[in-house]
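Asker: Please find the sequence and the predicted model below.
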Amino acid sequence: MKLKGGEIYYGVKEILVFLIGQVIKTGYNSPYRIAILTYHDIPLDKNKDVFGVPFENFLFHLSLLGNDSLKSFSILRSIKEFESFFDYLEDRRNFKVKVALSFDDGFKSFLNVMPFINDLRILTFLFITPKFINSSNKYLTWDEVRFLKNAMGDRLIIGSHGLTHKPLHSIGAKDVKEELYSSKSIIEQQLNVEVHFLAYPYGYNVPDFIVEMAYEVGYKYAFTNKYGFVCVGDNKLKLRRIPILKWDTPWTLKQKINGDFNPHLLYSLLKEKQSLHLK
Ligand SMILES: [Zn+2]
């Protein structure tokens, strides 16, 4: 994707992605769904990590989400709107796929994008790992998280992403409980908020005992790393999200939201799925 004179030109790569997307339809027929886009770091320059979406690309993504003329979807505005989605209370006659953002790991680069996200007034989840906070200049400090919460108010939901980011499926039950419980209570103490949301670190396959533990510890909602949408009737502690990677353009983003393009299906066909789920 290139930007020339303010217009976006698509190259061979985008056209190939589009053609693959037309072949591999993901089959999400229900229009009643929420797309939670998952980001990690937003580096100012290009990097090698597939999970780092360059700052410039991220701004293109936001301009797509804010562009009214392209709206086959709508922006999720509040946590109340998210919670009522499960209750069948809403008038669904004019329902459009809703979109919200999530950021994992607590990268400091979130500070750079926050003003743009704030302008769009889109519900955003920030999943932080207490061990990473204040640990290096790569990650946010507690003061910065408090600043973000103040600046974004109810549209920023702070959730837990584990205490130390250990893969929960490969540690003992006692350690899992510690990861889930301590992270929640540390965030609550530091920020003076209630923490009801969790994103399982490395959460591609989440065993049932971990889901039950998340419930016991007091989480109301938890996100896995499985590719997909939040749908009515889902287990609220095993919700799916849509990972956004460094090569995603506004075009592929739109395809992902529309359910047209599921790169993970392609990768799993190529038996490479593990390479993209471990974050
Ligand atoms: Zn993570």
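Answerer: Structure's in. What do you need? Residues are numbered from 1 along each chain as shown.
Asker: so Ile117 makes contact with Thr124?
Answerer: Yes: using C-beta atoms under 8 Å, Ile117 is in contact with Thr124, at 5.7 Å. (Glycine included, C-beta is placed from N, CA and C.)
Asker: intersection of neighbour lists for the two?
Answerer: Counting by C-beta atoms under 8 Å, 6 or more residues apart in numbering, the common neighbours of Ile117 and Thr124 are Leu101, Met152.
Asker: Which residue of those two possesses the greater neighbour count?
Answerer: Ranked by neighbour count (other C-beta atoms under 10 Å), Ile117 and Thr124 place Thr124 first, with 25 against 22.
Asker: How about that one, nearest residue that isn't a chain neighbour?
Answerer: Leu101 (4.5 Å; C-beta to C-beta, 6 or more residues apart in numbering).
Asker: List of residues touching the helix or strand harbouring the one you found?
Answerer: Here Leu101 is covered by strand 97-104, with elements defined by DSSP states H and E. Applying C-beta under 8 Å, 6+ apart, the contact partners of strand 97-104 are 31, 33-40, 65, 72-76, 81-82, 85, 110, 117, 122-127, 161, 199, 201, 223, 229, 241, 257-259, 279.
Asker: Are any of the residues you listed buried, and if so which?
Answerer: 33-40, 65, 73, 75-76, 81-82, 85, 110, 117, 122-127, 161, 199, 201, 223, 229, 241, 257-259, 279 (16 or more other C-beta atoms under 10 Å).
Asker: Okay, strands next: where are they in the protein?
Answerer: Here the chain has its strands, by DSSP state E, at 2-4, 7-9, 33-39, 73-75, 97-104, 124-128, 156-160, 197-199, 221-227, 230-231, 239-243.
Asker: Same list, the ones you listed, but as JSON lines with mean pLDDT please.
Answerer: Below are those laid out as JSON lines (pLDDT from 0 to 100):
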{"stretch": "strand 2-4", "mean pLDDT": "40"}
{"stretch": "strand 7-9", "mean pLDDT": "40"}
{"stretch": "strand 33-39", "mean pLDDT": "95"}
{"stretch": "strand 73-75", "mean pLDDT": "90"}
{"stretch": "strand 97-104", "mean pLDDT": "95"}
{"stretch": "strand 124-128", "mean pLDDT": "98"}
{"stretch": "strand 156-160", "mean pLDDT": "98"}
{"stretch": "strand 197-199", "mean pLDDT": "98"}
{"stretch": "strand 221-227", "mean pLDDT": "92"}
{"stretch": "strand 230-231", "mean pLDDT": "91"}
{"stretch": "strand 239-243", "mean pLDDT": "93"}
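Asker: nearest to the ion, of those strands?
Answerer: Among the strands of the chain, strand 97-104 comes nearest to the ion, with 4.2 Å by C-beta to the ion.
Asker: And stretch 105-123, end to end?
Answerer: Stretch 105-123 has an end-to-end distance of 18 Å (criterion: C-alpha to C-alpha, to the nearest Å).
Asker: circling back: give me the distance between the residue nearest to Thr124 and Val211.
Answerer: Leu101 sits 24 Å away from Val211, taking C-beta to C-beta, to the nearest Å as the criterion.
Asker: Please apply the same query to Asn258.
Answerer: To Val211, Asn258 is 29 Å away according to C-beta to C-beta.
Asker: do Asp49 as well
Answerer: From Asp49 to Val211 the distance is 29 Å (C-beta to C-beta).
Asker: out of those two, which sits in the busier spot?
Answerer: Higher neighbour count among Asp49 and Val211: Val211, with 18 against 12, using other C-beta under 10 Å.
Asker: ok, now which ones touch the residue nearest to the more buried one when sequence neighbours are not counted?
Answerer: Spatial nearest neighbour of Val211, excluding adjacent residues (C-beta to C-beta, 6+ apart): Leu237 at 4.8 Å. Leu237 sits next to Leu198, Val211, Ala214, Tyr215, Tyr219, Tyr221, Ala222 when contact means C-beta under 8 Å, 6+ apart.
Asker: Could you pick out the residues of the stretch 1-150 of the chain near the ion for me?
Answerer: By C-beta under 5 Å from the ion, the residues of the stretch 1-150 of the chain that approach the ion are Asp104, Asp105.
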